[in-house]
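Asks: sequence? don't have it. structure:
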C-alpha cells in the first residue's frame, strides 16, 4: 500500500498519442496524479474539466497534472480532444499501475460487485515522494483542495 512520505511507485504508460511517459520524467516538479474510472462519463468529465479550467493555477505552482484510467489510448485521445484537455492522460489497460497505487478495488453499485477505479488523487513532490493522498474523491471542489495542498 502506498503511504504519504514514501517514494511513489515508478511507472511508464502510454499517453493519448501512444508516447511512453514515465513518472521519472517529472523529477524536480510536483505531480498531481489523478486516477479516474472512465472517459466520457459525467463525474470523470466534470473532474477533467475542473482540472482543465484550473490548469493555469497548476502551471503557476509548477505542478504537472496527469490523469490515469484503464481506458485505451484511443479513448483518451477522443476524450482529450473533445474537452480540450491541456494535460496528459495515461492509459493503464493492464491495470498494473492502478494496482501498484492501490486504486483498483472492488466496488458495488445497486448490489452488484465489480472491480473498478476508486477515484483518487495523489500529489508527488519534486523528489518523487508521496506528499498527499486524497482517497475516495468527491468531484465537487476537489481541484480547489488539490491547489490548496500545493500552495
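Replies: Received it, and whenever you're ready, just let me know what you need. Everything numeric in this text was worked out from a predicted model, so none of it was measured.
Asks: so who does residue 122 touch?
Replies: By CB atoms under 8 Å, 6 or more residues apart in numbering, the residues touching residue 122 are 2, 8, 32-35, 101, 130, 132-134. (Glycine included, C-beta is placed from N, CA and C.)
Asks: Among the residues you listed, which one lies nearest to residue 79?
Replies: Using CB to CB, residue 34 is the member of the contacts of residue 122 that sits closest to residue 79, with 13.6 Å.
Asks: For the most far-flung residue of the chain relative to its centre, what are phi and psi?
Replies: Using CA atoms, centre = their mean, the residue of the chain lying farthest from its centre is residue 111. It sits 27.2 Å away. When read as degrees, to the nearest 10, the backbone of residue 111 gives phi 80, psi 0.
Asks: again, but for the one 4 residues further on
Replies: Main-chain torsions, residue 115, degrees, to the nearest 10: phi -90, psi 140.
Asks: for the one 10 residues further on, same thing?
Replies: Torsion angles at residue 125 (phi, psi; degrees, to the nearest 10) stand at phi -80, psi 180.
Asks: which residues touch the nearest residue to it once chain neighbours are set aside?
Replies: Closest residue to residue 125 apart from its sequence neighbours, by CB to CB, 6 or more residues apart in numbering: residue 131 at 4.5 Å. Residue 131 is in contact with 4, 30, 123-125, 149, counting by CB under 8 Å, 6+ apart.
Asks: can you pull the contacts of residue 75?
Replies: Contacts of residue 75 (CB under 8 Å, 6+ apart): 39-40, 91.
Asks: How is it assigned, secondary-structure-wise?
Replies: Under DSSP: H, G, I helix; E, B strand; the rest coil, the three-state class of residue 75 is helix.
Asks: how far away is residue 141 from residue 74?
Replies: 31 Å (CB to CB, to the nearest Å).
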